[in-house]
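K.L.:
Just a sequence and a predicted model for now, questions to come.
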Amino acid sequence: MAEKADKLIGEIMPEVKSPTTPALIPDPAALLSSSKTTRPKTTLNLNGLFKSTVQPAQEEKAVQVEALADERVTRENLIKVWAEYAEQRKEQAAEYQFLKREIIFDYPAILITLTNPVEETLLENFRRDFIQFLRDRLKNSQLTIQGVLQASSDKKVIYTSKDKFDHLAEKNPYLRDLKDRLSLDWDF
């Protein structure tokens with residue numbers, strides 16, 4: 001192996017191999033064989049980063065103890081604590097109106113209907129604090145809050161006089177007949 005290294009060095013740098021020039025490069029075989037250095041290691045070892053230090057039996061016991069510590073949550077208790085949090089957020093008008101909506105409680109999930117995607121962003125802004133408040137007050141670590149986007153009905157908004165007339169004519173078809181007989185214009 002040392003011969004291969006010498007040959008490679010001789011091809012790359014012929015002046016180093018000349019007998020008149022002293023060897024400035026240490027022996028390559030010595031470099032390859034010395035893998036240990038005295039310099040401290042500066043990189044992190046990420047191998048055990050996600051490994052649990054707790055034994056599996058201890059993890060099961062911890063989960064069981066935590067599950068036993070959770071109290072049963074009733075809809076009445078939830079609504080009471082929910083209203084309490086809403087009162088604390090009264091200064092934030094958008095959040096307060098959002099919290100005054102009807103909720104669906106399907107343990108452990110609390111579902112809130114959202115009318116548009118902007119409300120999803122609003123919910124994300126205070127979700128973490130709100131969940132922590134509910135979990136602390138109700139003594140249940142499994143509660144979660146989920147926003148459910150409700151499909152919009154896409155009703156046409158009535159702005160102009162023509163829109164108003166067309167809307168009323170859909171309800172009562174005789175209105176169009178009356179307009180035609182009396183030669184009326186809907187834009188008055």
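P.N.:
Arrived safely.

K.L.:
With just CA atoms, put the helix or strand harbouring Glu170 into PDB.
P.N.:
Per DSSP states H and E, Glu170 falls inside helix 161-171. C-alpha atoms of helix 161-171 as PDB (Å, rounded to 0.1, in the frame of the first residue of the first chain):
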ATOM      1  CA  SER A 161     -82.600  47.100  -8.400                       C
ATOM      2  CA  LYS A 162     -82.500  44.500 -11.300                       C
ATOM      3  CA  ASP A 163     -81.100  41.900  -8.800                       C
ATOM      4  CA  LYS A 164     -83.900  42.700  -6.400                       C
ATOM      5  CA  PHE A 165     -86.600  42.400  -9.100                       C
ATOM      6  CA  ASP A 166     -85.200  39.100 -10.400                       C
ATOM      7  CA  HIS A 167     -85.000  37.700  -6.800                       C
ATOM      8  CA  LEU A 168     -88.700  38.600  -6.200                       C
ATOM      9  CA  ALA A 169     -89.700  37.400  -9.600                       C
ATOM     10  CA  GLU A 170     -88.200  34.000  -8.800                       C
ATOM     11  CA  LYS A 171     -90.500  33.800  -5.700                       C
END
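
K.L.:
And the helix or strand just after that helix, what does it pack against?
P.N.:
Later in the chain than helix 161-171, the nearest helix or strand by DSSP H and E is helix 174-181. Packing partners of helix 174-181 (3 or more C-beta pairs under 8 Å, 6 or more residues apart in numbering; DSSP states H and E): helix 161-171. Where C-beta positions appear, they are placed from N, C-alpha and C, glycine not excepted.

K.L.:
ok and the helix it packs on relative to helix 174-181, angle-wise?
P.N.:
Per axes from the mean of the first three to the mean of the last three C-alpha atoms, to 10 degrees, the angle that helix 161-171 makes with helix 174-181 is 120 degrees.

K.L.:
right, and the helix or strand after the helix or strand encompassing Gln97?
P.N.:
With secondary structure defined by DSSP H and E, Gln97 is part of helix 93-99. Per DSSP H and E, the first helix or strand lying C-terminal to helix 93-99 is strand 103-106.

K.L.:
Paired strands for that following strand, with orientation please.
P.N.:
Here strand 103-106 has these sheet partners by DSSP bridges: strand 109-114 (antiparallel).

K.L.:
what does the partner strand contact?
P.N.:
Strand 109-114 is contacted from outside by 78, 98, 101-105, 120, 123, 134, 143-150, using C-beta atoms under 8 Å, 6 or more residues apart in numbering.
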